[in-house]
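Engineer: Sharing a model prediction with you, sequence too.
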Amino acid sequence: MLDAVRPVPALGPVPGVGWVDDVVGDPVRALESFVVGWFPAEGEADEAGSAVGPGDLPEALASFHRVTGVRPAIHRFHDPVLKRPERAAGPFGDRLVFAEWSEGSMDWSIPWPPGGGGAADPLVWHTDDPREAPEAIVEREPLSRFLLQFTPFGALLAAPYKAATFCMPVASLDGLWSVLRPVPLSPFLPTYTADRFFVAPGLLAVIGADEGEATACFGALHRGTLTPLLVHGFRWSRFDG
């Protein structure tokens with residue numbers, strides 16, 4: 001009945017997944033390609049996005065801010081990368097905070113001023129409760145690859161159409177492996193959900209699994225991209241397709 005009154009529109013052009021080819025060899029280029037492909041241009045470039053903070057930023061972060069000038073939708077995420085990184089102190093020393101979540105209840109930063117062997121692509125510190133009793137860990141991915149986790153995750157949460165499964169046996173995912181392409185990155189937020197990223201044309205997915213059970217969450221720009229997922233027979237907690 002719902003399909004009769006609100007039919008699924010014909011699927012038009014959707015973003016490709018060629019950017020995944022560059023994740024290992026050129027993650028900065030991969031991020032630029034993903035952002036430009038997933039988000040539409042919005043008129044004039046936002047020059048204000050270029051004023052991002054003190055000193056010379058590492059190339060990955062500088063490139064991110066350049067591309068947000070032409071794709072400002074990234075700054076409308078619920079928890080976007082900060083337009084202006086902020087200096088702060090932490091358990092590992094002085095740092096530059098470039099992203100926050102949940103009104104500052106956790107943040108991500110890089111050593112500041114940059115130095116040492118990882119200055120070109122620095123390690124990333126994840127700090128819980130930075131204002132009261134900060135606890136920090138080092139992310140598994142350096143800055144360039146971490147941004148390739150943070151940005152698609154934000155894009156999935158901001159996608160106009162989403163779908164999410166209830167917990168199910170891992171074997172239930174078998175039909176997806178011919179559809180989804182894995183993104184070669186470490187699990188995201190390993191101390192929390194440890195989700196892995198997968199993509200298909202016009203589709204973002206994060207899958208969390210242990211030895212026996214799994215959940216999957218999808219984001220899409222068109223309803224029609226989600227509709228084919230019905231053939232897998234998942235139990236959906238949300239399905240916009």
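Structural biologist: Ah, there it is.
Engineer: Give the buried residues for stretch 228-241.
Structural biologist: Buried residues in stretch 228-241, counted by 16 or more other Cβ atoms under 10 Å: 229, 234, 239-241. Quick note: C-beta positions are derived from backbone N, CA and C, even for glycine.
Engineer: These: which two are farthest apart?
Structural biologist: Greatest spacing in the buried residues of stretch 228-241, by Cβ to Cβ: 234 and 240 (13.8 Å).
Engineer: what's the longest helix seen in the chain packed up against?
Structural biologist: Scanning the chain for the helix with the most residues, using DSSP state H, yields helix 143-158. Where contact means 3 or more Cβ pairs under 8 Å, 6 or more residues apart in numbering; DSSP states H and E, helix 143-158 is packed against helix 27-38, helix 59-70, strand 81-90, strand 106-111, strand 196-200, strand 203-209, strand 213-220.
Engineer: which one is residue 78 nearest to, not counting chain neighbours?
Structural biologist: Spatial nearest neighbour of residue 78, chain neighbours left out: residue 157 (6.2 Å); criterion: Cβ to Cβ, 6 or more residues apart in numbering.
Engineer: any idea how far the one you found is from residue 80?
Structural biologist: Residue 157 is 11 Å from residue 80, where distance means Cβ to Cβ, to the nearest Å.
Engineer: With residue 60 instead?
Structural biologist: Relative to residue 80, and taking Cβ to Cβ, residue 60 is found at 16 Å.
Engineer: next one: residue 175
Structural biologist: Counting by Cβ to Cβ, the gap from residue 175 to residue 80 is 34 Å.
Engineer: who has more neighbours, these two?
Structural biologist: When residue 175 and residue 80 are compared on other Cβ atoms under 10 Å, the one with more neighbours turns out to be residue 80, at 18 against 14.
Engineer: Contacts only, for the closest residue to the more buried one other than its chain neighbours.
Structural biologist: Of all residues not flanking residue 80 in the chain, residue 74 sits nearest, at 6.1 Å (Cβ to Cβ, 6+ apart). Neighbour list for residue 74: 35, 39, 67-68, 80-81, 151, 154-155 [criterion: Cβ atoms under 8 Å, 6 or more residues apart in numbering].
Engineer: which SS state does the nearest residue to residue 107 once chain neighbours are set aside fall under?
Structural biologist: Computed as Cβ to Cβ, 6+ apart, the closest residue to residue 107 that is not its neighbour in sequence is residue 100, at 4.5 Å. When classified by DSSP: H, G, I helix; E, B strand; the rest coil, residue 100 comes out as strand.
Engineer: could you measure residue 100 against residue 129, distance?
Structural biologist: From residue 100 over to residue 129 the distance is 12 Å, taken as Cβ to Cβ.
Engineer: Pull up the overlap in contacts between those two.
Structural biologist: What both residue 100 and residue 129 touch, as defined by Cβ under 8 Å, 6+ apart, is the set residue 106.
Engineer: So for the two, which sits in the more crowded spot?
Structural biologist: The neighbour count for residue 100 versus residue 129, taken as other Cβ under 10 Å, is higher for residue 100 (19 against 12).
Engineer: re earlier: now do the residue nearest to residue 78 against residue 188, distance only.
Structural biologist: 12 Å.
Engineer: Between the two, which is the more surrounded one?
Structural biologist: residue 188 (23 against 15).
Engineer: need the contact list for the more buried one.
Structural biologist: For residue 188, the contacting residues are 149, 153, 194-197, 206, by Cβ under 8 Å, 6+ apart.
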